[in-house]
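# A structural model of the following input is requested.
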Amino acid sequence: MPKVKVTVPASCANIGCGFDCLGLALSLYNTIEVEMVREAGIFIEVEGEGKGIIPTSTENIIIPALKLIFDKTGEKLQGIRIRQINRIPLEKGLGSSAATRIGGIVAANYLLKANLSTAQILKMAATLEGHLDNAAASLLGGFIAVANFKDVPVWVKLTISDKLKVVLAVPEVKIATNKARSILPDRIPFAHAVFNLSRLAILIPSLSYGLWSNLSLATQDKLHQPYRASLLPGMDEVFEAALNEGAKGVFLSGSGSGIAAFSFEQDAGKIGEVMQKAFLKKKIQAQVFILSVAKEGCKVNETQ
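Have a look, this model is predicted:
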């Protein structure tokens, strides 16, 4: 029976000022195996992050992702075995849900030979995610700018140096995306919009051309991080600690709770250490990851 295995990278969205329009794929991966079986039913096994928490029933978020392709091709979603090997922490701003959904869509697209275009896959992911940034980064890899135009995804894959590392301090605080969005205001001051636009105009070329001295300014934000700080004790202190230790820029990873810092490899360890210590001062344990930008996105690794 047909079987496919895909790997999907984690992602870091927003990068400070680029709210809902910038994404960065990271070298931390989930693996998803999907197999058509003769026995009727949907059988799901979860390993790693979320084991015992993520549903192994049709409530699992991978099922709607698969169903989109099955419905499109006129096939019935029955007799399927799914194995999820998760390394991306849940509800920490690292795109775990986007990785699962992209993995499901890509796996079903391959199994059913649906031949969907990149734009079609992204559009499907957006219907499930509500926004494109994490999904685009996980699907395409690298540094991505993305927008919707008349309900059609438009994206640009941008240049970013291999020298840059992303240091992630991931605290034992979960922040659900819907909660992080609900805390944001419906309206913002005009000056705050200009603030973010000016930083965005500096951020993209600075990352592409290696203008590292600009990044502490360019990763600043007034659209979402100040509001989300109320959900994450110690956020400002972790930012300050990272910058004082030589981080090039620091920002909330997606909606949090993870905090990301740009760094060179030789500085990454000590930056991660001071970020961890800053959380500890708030009595919050944090795990540190030192990651590269994943230049490749979702990949089909193995079939049989």
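# the stretch 101-250 of the chain: strands as residue ranges?
Assignment of strands within the stretch 101-250 of the chain using DSSP state E, counting those that start in this stretch yields the ranges 143-149, 152-158, 164-171, 249-252.
# quick check: residue 250 touching residue 217?
No. The pair residue 250 / residue 217 is not scored as a contact, 11.5 Å apart, by C-beta atoms under 8 Å. Glycine gets a C-beta too; all of them are placed from N, C-alpha and C.
# more neighbours: which of those two?
Under the criterion of other C-beta atoms under 10 Å, the comparison of residue 250 against residue 217 puts residue 250 first, with 27 against 15.
# what about that one, distance to residue 268?
Counting by C-beta to C-beta, to the nearest Å, the gap between residue 250 and residue 268 amounts to 13 Å.
# cool, residue 135 as well?
27 Å.
# between those two, which is the more surrounded one?
A direct count of neighbours by other C-beta under 10 Å for residue 135 and residue 268 places residue 135 higher, at 33 against 22.
# how close does the more buried one sit to residue 214?
28 Å.
# quick one on the thing from earlier: can you put the strands of the stretch 101-250 of the chain in JSON lines and add distance to residue 34 and mean pLDDT?
Converted to JSON lines, those look like this (distance: least, C-beta to C-beta, whole Å; pLDDT from 0 to 100):
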{"stretch": "strand 143-149", "distance to residue 34": "25", "mean pLDDT": "95"}
{"stretch": "strand 152-158", "distance to residue 34": "24", "mean pLDDT": "95"}
{"stretch": "strand 164-171", "distance to residue 34": "28", "mean pLDDT": "97"}
{"stretch": "strand 249-252", "distance to residue 34": "33", "mean pLDDT": "98"}
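# low-confidence ranges in the chain?
Scanning the chain with the threshold set as pLDDT under 70 gives 1, 302-304.
# could you pull out the buried residues of the longest helix along it?
When secondary structure is assigned using DSSP state H, the longest helix within the chain turns out to be helix 190-209. For helix 190-209, the neighbour count (16 or more other C-beta atoms under 10 Å) marks 195, 196, 199, 200, 202, 203, 204, 206, 207 as buried.
# wouldn't the third one be in contact with residue 17 here?
The reference is to residue 199. Yes. Look at residue 199 against residue 17 with C-beta under 8 Å: they come within range, at 3.8 Å.
# between the two, what contacts are shared?
Contact criterion C-beta atoms under 8 Å, 6 or more residues apart in numbering; residues bridging residue 199 and residue 17 by contacting each: 218, 219, 220, 221.
# which of these has the largest number of neighbours?
The most crowded member of these, judged by other C-beta under 10 Å, is residue 219 (29 neighbours).
# need the contact list for it.
Applying C-beta under 8 Å, 6+ apart, one finds that residue 219 lies in contact with 15, 16, 17, 199, 203, 249, 250, 251, 262.
# against residue 23, how distant is the closest residue to residue 229 other than its chain neighbours?
Here the nearest residue to residue 229 in space, its sequence neighbours aside, is residue 235; by C-beta to C-beta, 6 or more residues apart in numbering that works out to 4.7 Å. Remark: distance between residue 235 and residue 23 (C-beta to C-beta) = 21 Å.
# the two: who's more crowded?
Counted by other C-beta under 10 Å, residue 235 and residue 23 do not tie: residue 23 has more neighbours, with 32 against 24.
# that's a strand at the more buried one, yeah?
Yes. Counting by DSSP: H, G, I helix; E, B strand; the rest coil, residue 23 falls inside a strand.
# domain parsing for this protein?
Taking automatic domain parsing as the criterion, the chain consists of the domains 3-158+293-303, 164-291.
# span of stretch 60-80 from start to end?
Stretch 60-80 has its terminal residues 13 Å apart, counting by C-alpha to C-alpha, to the nearest Å.
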